[in-house]
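Novice: Quick check, what structure comes out for this input:
(2 chains)
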Amino acid sequence: MAHIQLKNISKTFGNHTALTGLDLDIADGEFFVLLGETGAGKTTTLRLIAGLEKPSEGQVFIDGVDVADWGAAERDVALVLQQYSLYPRYTVRENLEFPLKPKIRRLPDAEIKDRVDRAARTLRIEHLLDRKTDRLSGGEMQRVSIGRAIVRKPRVFLMDEPLSALDAKLREALRTELKNLQIQLGATFLFVTHDQIEAMSMGDKVGVLNHGRIIQTGTPHEIYNNPRDTYVASFVGSPPMNLIDGRLVNGRAVMAPLNFELPFAGGAKAGAATEGRPLVFGIRPEDVYLESGAPVEARVHDVENHGVEKILTLRVGDTTLRATVPARTDVAIEQPVRFAWNPDKVVLFDKGSGVSLRHAG
Amino acid sequence: MATTMITTLDRSSRAAARGLSDISIRNLFIIPTVLFLIVFNIFPLIYSLGYSFTDFRASTNAPANFVGLQNYRDLLNDPYVWSNFAITAKYVIVSVVGQLLVGFGVAMLLNRDIPLKGLITTLLLLPMMLSMAVVGLFWKLLYDPSWGVINYALGLGNFEWLADPKMALYAVALTDIWMWSPFVMLLSLAGLSAVPKHLYEAAAIDRAGPFYTFFRITLPLVAPILMIAVIFRTMEAFKTFDLAYILTSQPTAELISIRLYKMAFQEWQTGRSCAMAYIVLIMVLAITNIYVKYLNKVKER
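Specialist: Numbers count the residues shown, from 1 in each chain, chains lettered A, B, ... in the order given. Below you'll find the predicted structure:
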């Protein structure tokens, strides 16, 4: 169990900058998810903590100790990779034993057996122990590589998109299992993913990474409801937050090129400074609702039926926005509808910088 | 899914216009090769099998008499032939093990990011490209007792590498190691670079030391390709002739192929030497078979 801290980390590969001025604080026993697109620097961050890469600048602390000169072995971390990286030609048992067998810290045989059996039971791979690793399915392989991480009782678990190569059903199942495992072990987890659903459902805390910078850190709730800028707003959530250009005029939201108006609850709070200034209004699709007497008319551009709900794409002029409505709502494409939003849920972003006014505050 | 292996002849092509069909074109290409193989390889092979049962001598006009298995019986009872086999076995073991150690070692050194890696690899491959006879002549100069570079460099005075009964065989093996280690190196490099990098990273994370990583990950993964190198080198070493013939005439370095050459073309015991050639052939086949069986086993694991 450990507390991890990154201070002002930068990493460059040749003339490519992977990370710039990264600060990260992962509390002991926390499930921290690092979320970002491909190439955002998530894996690099992980490898820096694991000791597989050295930072160009900045420091890594594990339990308050600067580990700059420590190799991967001394840092006592476990790493689960996307490509499983099981040792070929060995059975599942041999793979699980591998980290326990090096001569320097060789454990007694009974202890090894005990740990392997316990890990196998936790991950429900007991029946596979004597099988060769190339005879396993993707999900089984990933369980084995997680098993190899837990037999050692490391201080930190690092996981690099461990679920992304698996099919949807299995991904869901392993998501729950991993979360349970973390609670059971009480260990510090750093989980890297590009999948915002994984981030939201598993993380105690989520860090959103873009172009080598941490944009926002917070609980999934904070990230979802109070995104720091338009990037986080559009990256987190499926479908993403609607972002519409406009201005505040007399406490009402006036959409600039579209010429429609909606009430805005925070009008008084936002104050005179925001009056008339170019803004971006952010509203989650589930906070947009259809109502016969609502202020704005739109046409239904597209309907996506998801079973429990329908995602409508509404068209006003030539801008579209998404709305999530109950599945029983009966709508047809090109049908005229009227919609409104929940004025309490609107997030304001500065048009120029894209930063939320609440955070800029 | 059925894939057509043969492209059918385009009806408007010139070949078709000359009245050639697919089959006749195929025959046109294949028959000369097959004929060549039969005349120069298969026919002599079978013909010599026939001679191995006779007392034929190519130097006289005397008719060949059928002697049955007499040649084989004599050869297998001849202690000199057995000593030739023992020498050959020693030579094969020394030179193949040497090549394996040197080749794999150099490959391990080269399997990392070092400047001028391509150039170094190419230069190291050069010995392999030379002709056996040329290498033999060069090393004869290097080994020369009075003005050879080796004695000069090692300060060995007038030590006679090639005329020393104990040393001659090892001197030949050393030359062979020099010449063929690059071959093992090349195959090892291919094997080493095929080991996924993330396995090493996983091993580092699992706190495995360098030796543990080498014996548990590197070696098992490179083993099949090393086996192939061993098969090739053993077969080659077993039939080494030119190198040893040029370098030394010590009886302690008389490999089986040299014995065979002497028997056939100096003593003109054509029938007996045919029998001997067959014994060697059967041995090489047997050894190769054992290796291939083992290779398949290694691959299966």
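Novice: what does chain B put close to chain A?
Specialist: B:196, B:198-199, B:201-209, B:212, B:216-217, B:220-221, B:301 (C-beta under 8 Å from any C-beta of the partner chain). Glycine gets a C-beta too; all of them are placed from N, C-alpha and C.
Novice: Where in chain A is the helix or strand with the lowest mean pLDDT?
Specialist: helix A:267-270 (a mean of 51; mean pLDDT, DSSP states H and E).
Novice: show me the contacts for the residue in the stretch 101-250 of chain A that chain B sits nearest to.
Specialist: Closest to chain B within the stretch 101-250 of chain A is A:Pro102: 4.8 Å, counting by C-beta to the nearest C-beta. Going by C-beta atoms under 8 Å, 6 or more residues apart in numbering or on different chains, A:Pro102 touches B:Asp206, B:Arg207, B:Ala208, B:Gly209, B:Tyr212.
Novice: ChimeraX command for the buried members of the residues you listed?
Specialist: To isolate the buried subset of the contacts of A:Pro102 in ChimeraX, counting by 16 or more other C-beta atoms under 10 Å in any protein chain shown, use the following:
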select /B:206,207,208,212
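Novice: ok so A:Ile313 is a strand residue?
Specialist: Actually, residue A:313 is Thr. It isn't Ile. Yes: applying DSSP: H, G, I helix; E, B strand; the rest coil, one finds A:Thr313 inside a strand.
Novice: Give me the domain ranges for the chain.
Specialist: In the absence of a named chain, chain A is used. Domain segmentation of chain A under automatic domain parsing yields A:4-235, A:242-350.
Novice: actually it's chain B I care about, not the one you picked
Specialist: For chain B, the structural domains run B:23-69, B:79-300, going by the TED database.
Novice: packing partners for the one helix or strand A:Arg299 maps to?
Specialist: Here A:Arg299, judged by DSSP states H and E, is contained in strand A:296-305. In this structure, strand A:296-305 makes packing contacts with strand A:260-263, strand A:309-316, strand A:336-341, judged by 3 or more C-beta pairs under 8 Å, 6 or more residues apart in numbering or on different chains; DSSP states H and E.
Novice: and if we set it to 10 Å?
Specialist: Secondary-structure packing of strand A:296-305 (3 or more C-beta pairs under 10 Å, 6 or more residues apart in numbering or on different chains; DSSP states H and E): strand A:260-263, strand A:288-290, strand A:309-316, strand A:319-326, strand A:336-341.
Novice: Tell me the spacing between the residue of the stretch 101-250 of chain A closest to chain B and B:Ala204.
Specialist: 11 Å (C-beta to C-beta, to the nearest Å).
Novice: what residues are shared contacts of these two?
Specialist: A:Ala73, B:Thr213 (C-beta atoms under 10 Å, 6 or more residues apart in numbering or on different chains).
Novice: sorry, back to before: for B:Pro165, find the nearest of the domains of chain A.
Specialist: domain A:4-235 (44.9 Å; C-beta to C-beta).
Novice: So what's the model's average confidence on the strand holding A:Arg299?
Specialist: Here strand A:296-305 scores 90 as its mean pLDDT.
Novice: Could you tell me what pLDDT the model assigned to residue 112?
Specialist: No chain was given, so I picked chain A. 89.
Novice: looking at chain B here, not the other one
Specialist: pLDDT at B:Arg112 comes out at 86.
Novice: Let me see the contact set for it.
Specialist: B:Leu192.
Novice: so what's A:Leu174 closest to, chain neighbours aside?
Specialist: In space, and not counting its chain neighbours, A:Leu174 is closest to A:Leu163: 5.6 Å by C-beta to C-beta, 6 or more residues apart in numbering or on different chains.
Novice: which SS state does that neighbour fall under?
Specialist: Under three-state DSSP, the three-state class of A:Leu163 is coil.
Novice: Next: A:Lys153.
Specialist: Three-state call for A:Lys153 (three-state DSSP): coil.
Novice: who touches it in this structure?
Specialist: Neighbour list for A:Lys153: A:Met1, A:Asp76, A:Ala78, A:Arg115, A:Ala119, A:Leu185, A:Ala187 [criterion: C-beta under 10 Å, 6+ apart].
Novice: Filtering those by proximity to chain B, which remain?
Specialist: A:Asp76, A:Ala78 (C-beta under 10 Å from any C-beta of the partner chain).
Novice: Do you know the pLDDT at the closest residue to B:Asn111 other than its chain neighbours?
Specialist: Using C-beta to C-beta, 6+ apart and skipping residues adjacent in sequence, the residue nearest B:Asn111 is B:Leu192, 4.4 Å away. Looking at B:Leu192, its pLDDT reads 93.
Novice: Can you tell me which of the residues of chain B next to chain A end up in strands?
Specialist: Using DSSP state E, no member of those falls in strands.
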